[in-house]
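Novice: Provided below for reference: sequence and predicted model.
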Amino acid sequence: MTSSTNIIEVKNLTKNYERKIALSSLSFSIKKGELVAIIGPSGAGKTTLLNTFATIIKPDDGFLTIAGTPSEKLTNRKALAKKIGLIRQQFDLVGQLPVIHNVLAGRLADWGLFKSLLSLIFPQEKQAAQKALERVGLADKIKDQTAKLSGGEQQRVALARLLLQKPEIILADEPVASLDPARAEDILSMLTKLVKEENQTLITSLHSVDYARKYFTRIMAIKDGQIFFDLPVDEVSDELLSDLYLLKERSDNAES
Ligand code: ADP
Ligand code: MG
């Protein structure tokens with residue numbers, strides 16, 4: 001019936017906020033290993049879509065299957081952490097704690113309460129954390145207070161945390177929006193490299209079309225809660241992109 005290579009399947013997915021349609025009956029699938037960039041104007045529905053994948057938002061209608069499981073059945077925190085890892089603009093790190101604890105937080109869903117508490121005093125699985133930090137180029141920062149790192153370094157700590165979590169799918173909502181261009185490129189190239197090495201699937205919303213084109217295999221453009229185009233990266237033309245970001249008053253004028 002459904003292809004086993006489809007890690008995400010979406011059918012007629014709909015989400016409304018009062019009178020606003022945030023997602024308008026979307027249907028598509030994503031294959032394991034794809035690097036999908038979701039682009040589109042502000043308010044298009046990108047965050048709503050990613051939060052639905054993360055099971056943070058419950059759709060009003062339609063079906064969503066994540067790695068073979070219907071999303072409404074993904075209620076177990078541990079099972080969810082095996083399937084979905086999140087990375088956000090604001091990093092979600094505990095600033096007061098040393099870097100190692102934030103990296104080890106990637107294992108919390110798997111650890112019982114005792115091991116989690118013990119780890120605050122005697123970090124458990126320290127070698128795994130050290131190795132992950134080496135992979136993101138922060139080997140020498142393991143004991144540093146997380147809040148003292150730069151924005152780019154903190155986002156790398158978040159990447160190291162994902163390396164310990166090892167989810168099948170990584171969802172990133174504007175992961176580089178708060179970074180300057182050089183650091184944004186640094187994080188995106190590192191994120192996409194690690195995702196390929198780990199055989200994961202990546203779905204990221206992005207403001208920058210240039211980054212989407214440079215680092216991703218597929219671009220899904222959303223506008224007004226609908227799919228405007230969904231294409232392999234080399235089929236995305238400049239014309240499609242300018243239509244996507246066309247200001248509303250121009251289409252309004254065309255009607256009048
Ligand atoms: P994007 O991430 O593409 O900027 P969002 O998914 O955040 O878009 O928002 C899609 C639409 O849904 C927007 O019109 C937004 O105003 C609306 N919206 C998002 N979250 C809420 C909410 N909690 N309550 C009401 N409206 C919302
Ligand atoms: Mg958003």
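Specialist: Everything's here; your move. Ligands and ions are numbered 1, 2, ... in the order given.
Novice: Could you use CA atoms for every contact and neighbour count after this?
Specialist: Noted.
Novice: in the protein, which spans are helices?
Specialist: Along the chain, counting by DSSP state H, helices occupy 46-53, 77-83, 99-104, 113-121, 126-135, 151-165, 181-197, 209-215, 238-244, 248-255.
Novice: Run a quick neighbour tally on the residue in the stretch 101-250 of the chain positioned nearest to ligand 1.
Specialist: Closest residue of the stretch 101-250 of the chain to ligand 1, Cα to the nearest ligand atom: Gly225 (6.9 Å). A count of nearby residues for Gly225, using other Cα atoms under 10 Å, gives 24.
Novice: on that earlier part again, out of the helices of the chain, which one sits most buried?
Specialist: Mean neighbours per residue, mean count of other Cα atoms under 10 Å, is largest over the helices of the chain for helix 99-104, with a mean of 26.
Novice: same for that helix, what does it pack against?
Specialist: helix 126-135, helix 151-165 (3 or more Cα pairs under 8 Å, 6 or more residues apart in numbering; DSSP states H and E).
Novice: Make JSON lines out of those and add distance to ligand 1 and mean pLDDT.
Specialist: What follows is the helices and strands packed on helix 99-104, written out as JSON lines (distance: least, Cα to the nearest ligand atom, whole Å; pLDDT from 0 to 100):
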{"stretch": "helix 126-135", "distance to ligand 1": "30", "mean pLDDT": "95"}
{"stretch": "helix 151-165", "distance to ligand 1": "20", "mean pLDDT": "95"}
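Novice: ok, which residues in the stretch 1-150 of the chain are in contact with ligand 1?
Specialist: Residues of the stretch 1-150 of the chain lying close to ligand 1 (Cα under 6 Å from any ligand atom) are Tyr17, Ala22, Ser42, Gly43, Ala44, Gly45, Lys46, Thr47, Thr48.
Novice: Let's have these in JSON lines, adding distance to Lys196 and pLDDT.
Specialist: Converted to JSON lines, these look like this (distance: Cα to Cα, whole Å; pLDDT from 0 to 100):
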{"residue": "Tyr17", "distance to Lys196": "36", "pLDDT": "95"}
{"residue": "Ala22", "distance to Lys196": "31", "pLDDT": "96"}
{"residue": "Ser42", "distance to Lys196": "29", "pLDDT": "94"}
{"residue": "Gly43", "distance to Lys196": "30", "pLDDT": "94"}
{"residue": "Ala44", "distance to Lys196": "28", "pLDDT": "96"}
{"residue": "Gly45", "distance to Lys196": "27", "pLDDT": "97"}
{"residue": "Lys46", "distance to Lys196": "23", "pLDDT": "97"}
{"residue": "Thr47", "distance to Lys196": "24", "pLDDT": "96"}
{"residue": "Thr48", "distance to Lys196": "26", "pLDDT": "97"}
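Novice: All set, thanks.
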